[in-house]
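# Here is a sequence with its predicted model. Questions after.
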Amino acid sequence: MGLERSIAGSGGLEQRAEEHGKRERGPPRTCLAIHRQVKALERKICSLEAHERKFNEEFSNINNDLSRYKELLDQAREEKQCVEDELKDTNASLAARRDPLSLRAIRASSTDAVPNYNGAKRGCRAAHPRASTEPDQESRSQNQSACTSTMW
């Protein structure tokens, strides 16, 4: 109402519109027409505010989703790093197994625990003395003396 009185009392709105070239000649606007225009503008403002709230809510949801995706991405990167570290360890272990010196050590350690067909452990020299396949020094000297005695 205060707006209607100031406009109706001074006639300033019509004068300002003419000064800015917005209104050509015509009948003067009534208070009711101005009131209707104000109400239409208020509805438009309310509609725009509702759109703004909806947009802000959607934007907030998008930000929340983005935060969750960033967390998932960080978790995936950590898992990837763990798997890469495990792969490096496995590759290093395989490379060590390919090395002939370490391969002998691995074979020796792994075969000691595996029982042989006769119950003795593989790689155990006590169960498979070298003397059984090759004559030791004593038996060699006896064989040599036996050979020399028959030759004379």
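Thanks, I have the structure now.

# low pLDDT regions in the protein?
Scanning the chain for pLDDT under 70 picks out 1-26, 99-152.

# Scan it for its longest helix.
Ranked by residue count under DSSP state H, the longest helix found in the chain is helix 31-98.

# Which secondary structure elements does that helix sit against?
Under the contact criterion of 3 or more CB pairs under 8 Å, 6 or more residues apart in numbering; DSSP states H and E, helix 31-98 touches helix 2-10, helix 100-112. In this view, the C-beta of every residue, glycine as well, is placed from N, C-alpha and C.

# So Pro28 belongs to a helix, correct?
No - judged by DSSP: H, G, I helix; E, B strand; the rest coil, Pro28 forms no part of a helix; its state is coil.

# From Leu66, how far off is it?
For Pro28, the distance to Leu66 (CB to CB, to the nearest Å) stands at 56 Å.

# Check Cys31 too.
Distance from Cys31 to Leu66, by CB to CB: 51 Å.

# more neighbours, those two?
Shown here are Cys31 and Leu66; by other CB atoms under 10 Å, Cys31 has more neighbours (13 against 10).

# any idea how far that one is from Ile62?
46 Å.

# Please apply the same query to Leu72.
Between Leu72 and Ile62 the computed distance is 15 Å (CB to CB).

# same question, Arg98
Distance from Arg98 to Ile62, counting by CB to CB: 52 Å.

# Then Asn56?
Asn56 sits 11 Å away from Ile62, going by CB to CB.

# One more: Arg97?
52 Å.

# Check Lys54 too.
Using CB to CB, Lys54 is found at 13 Å from Ile62.
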